[in-house]
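[1] return atomic coordinates for the entry below.
(one chain, ligands or ions: 2)
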Amino acid sequence: MAKRIYFFDTTLRDGEQTPGVSFNLDEKVEIALRLENLGIDIIEAGFANASPGDAEAIRAVAKAVSGPIVVSLARTNKDDIDAVINTLGDIDNTGIHIFIATSPIHRERKLGMTKEQVLEKAVESVSYAAKYFKHIEFSCEDATRTELEFLSEVAEKVVEAGATVLNFPDTVGYTTPEEYTKLFQYVLENTKGIEKVRLSCHCHDDLGMALSNSIAAIQAGAVQVEGCINGIGERAGNVALEEVAALLETRKDYFNIQTGIKLKEIAKTSKLISRLTGIAIPPNKAVIGGNAFSHSSGIHQDGVIKDKATYEIMTPESIGFNETKLVLGKLSGRNALKKRYEELGYSVNEAQLKEIFKKYKELADRKKDIFDEDIIALLETQPKNA
Ligand code: KIV
Ligand code: ZN
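    Ligands and ions are numbered 1, 2, ... in the order given. Got it, this is the predicted structure:
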């Protein structure tokens, strides 16, 4: 039986920490409704104590969606937790996400706290929130640079205090798949009560490892994956959730994992985030980039014309895009040119195609991009009896 993985989207919180990105209330609601259509299980809608405007937007999101659980982030202080209680406490299907840094560098250099003080704050805040929320996620910020014994100690105590989800973020994108695997294995083997809660991973992409690390965590026992659409987020961003979803689906044969994500909704969701953030999607971006389903070389184009599966491991339609694109350029072959004429409504016989193809190659040497108008002009200037 396939294992079910839950998708936690933080586009509206970690994603909003992308330099230059800010969503207003209407935009947050529009995005949340899209995320609901996509099949996201948990939406982190913001940080309630950040500003009254953010609290209002989080509340609006929680009222607008009905499927996903909506949570707000909070530090381990009463003001932050009270802000979440005031924002979401009276709305069904909501929760809180509390975090404190646990690594030596964060304890000593950022918080100026001992291990004992960090532990006390963690337990105190979770116990307090447990009076108001059933869904309580607790994150050990910078978990991947934290001593494993301390991580397990914090985990055990916050589970006792009422946490229902435990998240071990790779806050600075520092870990490797092997190390992250060991972290999850250690916590699972050494923490009393761990079987009562959901384990979650949260990976940043500073070294380009976010997807590999997230997958490693899932294979090691995490049942929740956190990330953002289009991989936006603090610094180099969070893991791109569409990549996690497409990978788990395309390689279901290997992972045997089920998700609630409707892959066909990815294109629309990705385009919305790109429009509202003003951040263009790089053409070579996995799954959602403009080139992800384009084929340029003649050999590839010929293969795709005969059978798409030769060079496409998933179809553009399955992600919600229109169709496979054959990009005409100097590497294209005769079959691709013929196919494009057919798509444009022209029928070209073999003799014509032979002549036109020669001219086409000359043109492609001079001109990088060949447009439909160019190939139509080649056909129309061709002697009729060719
Ligand atoms: O990256 C991180 O550690 C976070 C936490 C607040 C969960 O975003
Ligand atoms: Zn983060």
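
[2] doesn't Glu44 belong to a helix?
    No: under DSSP: H, G, I helix; E, B strand; the rest coil, Glu44 sits outside any helix and is assigned strand.

[3] so for the residue nearest to Val21 when sequence neighbours are not counted, what's the pLDDT?
    Setting aside the residues directly before and after it, Val21 is nearest to Thr277 in space (Cβ to Cβ, 6 or more residues apart in numbering), at 4.9 Å. The way it works is simple: take the backbone N, C-alpha and C, and place the C-beta from them, glycine included. Thr277 is assigned a pLDDT of 97 by the prediction.

[4] and what of Thr381?
    86.

[5] and it, how far is that from Gln352?
    12 Å (Cβ to Cβ, to the nearest Å).

[6] same thing with Leu276?
    48 Å.

[7] can you list the residues of the stretch 251-386 of the chain near ligand 1?
    Contact residues (Cβ under 6 Å from any ligand atom) of the stretch 251-386 of the chain with ligand 1: there are none.

[8] which stretches of the stretch 251-386 of the chain form helices?
    Using DSSP state H, counting those that start in this stretch, the helices found in the stretch 251-386 of the chain span residues 252-255, 266-277, 298-306, 316-319, 334-343, 350-366, 372-380.

[9] ok, residues contacting the fourth one?
    Applying Cβ atoms under 8 Å, 6 or more residues apart in numbering, the set of residues contacting helix 316-319 from outside is 242, 246, 249, 263-264, 266-267, 287-288, 292-293, 322-324.

[10] 6 Å instead, please
    263, 266-267, 293, 323-324 (Cβ atoms under 6 Å, 6 or more residues apart in numbering).

[11] how far does it sit from its chain's centre?
    Put simply, helix 316-319 sits 17 Å off its chain's centre (Cα atoms, centre = their mean, to the nearest Å).

[12] right, and the residue nearest to Val21 touches Phe23 too?
    No: at 8.2 Å, Thr277 and Phe23 do not qualify as touching, with contact defined as Cβ atoms under 6 Å.

[13] in the stretch 201-350 of the chain, where is pLDDT below threshold?
    Residue ranges of the stretch 201-350 of the chain with pLDDT under 70: none are present.

[14] can you name the residue of it nearest ligand 1?
    His202 (5.4 Å; Cβ to the nearest ligand atom).

[15] quick one: what helix or strand has that residue in it?
    Element membership for His202 (DSSP states H and E) is strand 198-203.

[16] one more: Glu120?
    Counting by DSSP H and E, Glu120 is found in helix 115-129.

[17] partner strands of the strand holding His202, with direction?
    strand 165-170 (parallel), strand 224-227 (parallel) (DSSP bridges).

[18] how about the most centrally placed residue in the chain, nearest residue that isn't a chain neighbour?
    The structure's the chain has its C-alpha centroid closest to Leu241; by Cα atoms, centre = their mean the separation is 1.8 Å. Once flanking residues are discounted, Leu241 sits nearest to Gly227: 4.3 Å by Cβ to Cβ, 6+ apart.

[19] which residues touch that neighbour?
    Applying Cβ under 6 Å, 6+ apart, the residues near Gly227 are 238-239, 241.

[20] dump the residues you listed into TSV; add secondary structure as well.
    Converted to TSV, the contacts of Gly227 look like this (three-state DSSP):
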residue	secondary structure
Asn238	strand
Val239	coil
Leu241	helix
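
[21] of those, closest to Lys192?
    Val239 (29.6 Å; Cβ to Cβ).

[22] so that closest one sits right up against Ile215, yeah?
    No: counting by Cβ under 6 Å, Val239 stays clear of Ile215, with 9.3 Å between them.

[23] sweet, I'm off.
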